[in-house]
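Chemist: I'd like to go over a predicted model; first the sequence, then the structure.
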2 protein chains.
Amino acid sequence: MAQKKNRAAGAAKTKNGIRNKLFDFKREQILEVAERFFYHRGYQATTVDAIAEELGVTKPFIYYHFENKRDILLHLLERTMSRSLSVFDGVDVEKGPPVEILKELVQRFVLAVIETRVSTAMFWRDEKDLPISDKENIRKMKRDIDGGLARIIERGIESGCFKVNDPKMVSICIAGMISWIYTWYQSDGRCTPDEIADRMSEYILNMVGAH
Amino acid sequence: MAQKKNRAAGAAKTKNGIRNKLFDFKREQILEVAERFFYHRGYQATTVDAIAEELGVTKPFIYYHFENKRDILLHLLERTMSRSLSVFDGVDVEKGPPVEILKELVQRFVLAVIETRVSTAMFWRDEKDLPISDKENIRKMKRDIDGGLARIIERGIESGCFKVNDPKMVSICIAGMISWIYTWYQSDGRCTPDEIADRMSEYILNMVGAH
DNA sequence: AGAAAAATATACTATATAGTATAATTAAAT
DNA sequence: ATTTAATTATACTATATAGTATATTTTTCT
């Protein structure tokens, strides 16, 4: 196999830290534009040329920083997913009062979806454009989220503070109603993100029969 | 403007009923294949040639029956939307017991989404590929659904049988958690559509604080 | 049966676009 | 300063694909 001439494939390889940072910075710029364009026009309908033009560069610039178009999409989706998973950071679903934990998780999750709504939309729309192996990886992360929610609900039922059937389905419903925010949230809308988070956590606590 | 040579633009114009039915039948066949392909590959990634090939015909056959590719998508989305709106058929949200009505609406809505899950997925994914005027039309239908749910919830609150804040947001949450089904439902899954409908209506009645 | 209309196919155009070979330029290293 | 490596552009290839002009076949009508 011929050596690749660009650096896109892996991490930057030089010892020079400044260069690496510059490289990463440029990648960020590309990702930012790509995210905007993919969101508004869709992945397939966005041309690499259009991204380059928006940045005031040419196509080979993009291909120097990313292997190909799919690679850009993949980076965007992975970033979104890891932001979503970060909702569980510092939370132990196996310990502590279920009501408080569920409330906290829901609120964090709402804010995460609002924050990443653009890439979340792509996530549900353009996932099909990824190769199967990457898709698997992403599906797994989704399951982790549903699983975490299901676990805390199970604990709540066992300890008697929740009253609801089928924790797995409940957790999918919760994840769904929160994820759905990306379809309707407007930054100039009636409610702030915090207000949305508060209401939804109320609704959800009702839903699981918390008391 | 030159006269179009095909009949795709409007309804079939001949007086011959059999021909019209044949024409409609062929359009149905095209829509069926298009729906499958748009769903799996996405609208942009589906070629008109591929649809034709699957049907064992050639491209002009398609263009004889539809104005263009977007026209096919539009028909699919309108069909889905009208199926979703049919959920309200024979239901008067202004009369009758809110608990019963909401339960009935939720169950019907769940079954409608499951039934039309393929086109519902397209609906949320490929809507952006429509011209603005068609998009508006479709957005309006979405609002009608949310509005209908909001109204019954308002009535429930007024009459004291529901206890929840912000009926508009609740209705969006309900619509979202139900619509979300298209992302996870599998016909070989753990629950039947009726079971899903039952559970979800329970969850939702909990959510609005019904008693 | 023969003329007219409708339905479908063949063969094409025009264009868009992902990706690349190679040249030019800029920065780093000695 | 000169050489080498890294970065970006110019100009290209190859291919895919929406849509159409025209010919052919099939159906309908008288």
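Modeler: On my side now, so go ahead.
Chemist: Give me the most central residue, chain A.
Modeler: A centroid search over chain A (C-alpha atoms, centre = their mean) returns A:T80, at 2.6 Å, as the residue closest to the centre.
Chemist: which stretches of chain A form strands?
Modeler: For chain A, strands defined by DSSP state E do not occur.
Chemist: Can you find the helix or strand in it with the smallest mean pLDDT?
Modeler: Using mean pLDDT, DSSP states H and E, helix A:117-126 stands out as the lowest-scoring helix or strand of chain A, at a mean of 87.
Chemist: quick one: the nearest residue to A:E78 once chain neighbours are set aside from A:K168, how far?
Modeler: Computed as C-beta to C-beta, 6 or more residues apart in numbering or on different chains, the closest residue to A:E78 that is not its neighbour in sequence is A:I138, at 7.5 Å. Quick note: C-beta positions are derived from backbone N, CA and C, even for glycine. The gap separating A:I138 from A:K168 is 20 Å, by C-beta to C-beta, to the nearest Å.
Chemist: same thing with A:N20?
Modeler: Counting by C-beta to C-beta, the gap from A:N20 to A:K168 is 44 Å.
Chemist: so what's the residue nearest to A:E78 up against?
Modeler: Shown in contact with A:I138 (C-beta atoms under 8 Å, 6 or more residues apart in numbering or on different chains): A:77-78, A:81, A:123, A:127, A:130.
Chemist: hang on, the earlier thing: ok, and does the least confident helix or strand of chain A reach over to chain B?
Modeler: Yes: shown here: helix A:117-126 in contact with chain B (C-beta under 8 Å from any C-beta of the partner chain) through A:124-126.
Chemist: want to throw the residues you listed into JSON lines with neighbour count and distance to B:Q107?
Modeler: Output for those, formatted as JSON lines (neighbours: other C-beta atoms under 10 Å in any protein chain shown; distance: C-beta to C-beta, whole Å):
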{"residue": "A:W124", "neighbour count": "18", "distance to B:Q107": "25"}
{"residue": "A:R125", "neighbour count": "21", "distance to B:Q107": "28"}
{"residue": "A:D126", "neighbour count": "22", "distance to B:Q107": "32"}
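Chemist: what domains does the record give for chain A?
Modeler: Following the assignment in automatic domain parsing, chain A carries domains at A:17-67, A:74-207.
Chemist: Tell me who's in contact with the nearest residue to A:S119 once chain neighbours are set aside.
Modeler: Nearest residue to A:S119, sequence neighbours excluded (C-beta to C-beta, 6+ apart): A:T80, at 4.0 Å. A:T80 makes contacts with A:116, A:119-120, A:122-123, as judged by C-beta under 8 Å, 6+ apart.
Chemist: 10 Å - rerun?
Modeler: Residues counted as contacts of A:T80 (C-beta atoms under 10 Å, 6 or more residues apart in numbering or on different chains) are A:35, A:112-113, A:115-123, A:138, A:141.
Chemist: now these: which count as buried?
Modeler: Among the contacts of A:T80, those buried by neighbour count (16 or more other C-beta atoms under 10 Å in any protein chain shown) are A:35, A:112-113, A:116-123, A:138.
Chemist: Looking at those, spot the one nearest B:V48.
Modeler: Nearest to B:V48 among the buried ones among the contacts of A:T80, counting by C-beta to C-beta, is A:M122 at 25.3 Å.
Chemist: Quick check: closest non-adjacent residue to the closest one.
Modeler: In this structure, A:M122 finds its nearest non-sequential neighbour in A:F38, 5.1 Å apart by C-beta to C-beta, 6+ apart.
Chemist: pretty sure the one you found contacts A:R125?
Modeler: Yes: between A:F38 and A:R125 there is a contact at 8.6 Å, judged by C-beta atoms under 10 Å.
Chemist: ok, how many other residues are close to the residue nearest to A:M122?
Modeler: Counted with other C-beta atoms under 10 Å in any protein chain shown, residues neighbouring A:F38 total 27.
Chemist: Next up, the contacts around it.
Modeler: By C-beta under 10 Å, 6+ apart, the contact set of A:F38 is A:31, A:44-46, A:51, A:69, A:72-73, A:76-77, A:118-119, A:121-122, A:125-126, A:129.
Chemist: Also A:E54?
Modeler: With C-beta under 10 Å, 6+ apart, A:E54 has these contacts: A:29-30, A:32-34, A:36-37.
Chemist: Let me see the confidence value for it.
Modeler: Listed pLDDT for A:E54 reads 97.
Chemist: Flag the shaky bits of chain A, pLDDT-wise.
Modeler: A:1-6, A:8-19 (pLDDT under 70).
Chemist: A:S82 - nearest residue in space that isn't next to it in sequence?
Modeler: With C-beta to C-beta, 6+ apart as the criterion, A:S82 has its nearest non-adjacent residue at 7.7 Å, and that residue is A:M141.
Chemist: My read is that A:L111 contacts A:V87, right?
Modeler: Yes: using C-beta under 10 Å, A:L111 is in contact with A:V87, at 8.6 Å.
Chemist: can you list residues touching both of these two?
Modeler: With contacts defined as C-beta under 10 Å, 6+ apart, the residues adjacent to both A:L111 and A:V87 are A:I178.
Chemist: who's more crowded, these two?
Modeler: Between A:L111 and A:V87, A:V87 has the larger neighbour count (other C-beta under 10 Å), namely 21 against 17.
Chemist: Can you name the residues that contact the more buried one?
Modeler: A:104-113, A:145, A:148-149, A:178.
Chemist: For B:V208, which of the domains of chain A is the nearest?
Modeler: Nearest of those to B:V208, taken as C-beta to C-beta: domain A:74-207 at 7.5 Å.
Chemist: Tell me how far the closest one lies from the chain's centre.
Modeler: The chain centre lies 10 Å from the centre of domain A:74-207; the measure is C-alpha atoms, centre = their mean, to the nearest Å.
Chemist: quick one: is that domain near DNA strand C?
Modeler: No: interface with DNA strand C: domain A:74-207 contributes nothing (C-beta under 7 Å from any atom of the strand), its closest point being 11.0 Å away.
Chemist: what's the first-to-last distance across that domain?
Modeler: End-to-end distance of domain A:74-207: 35 Å, with C-alpha to C-alpha, to the nearest Å as the criterion.
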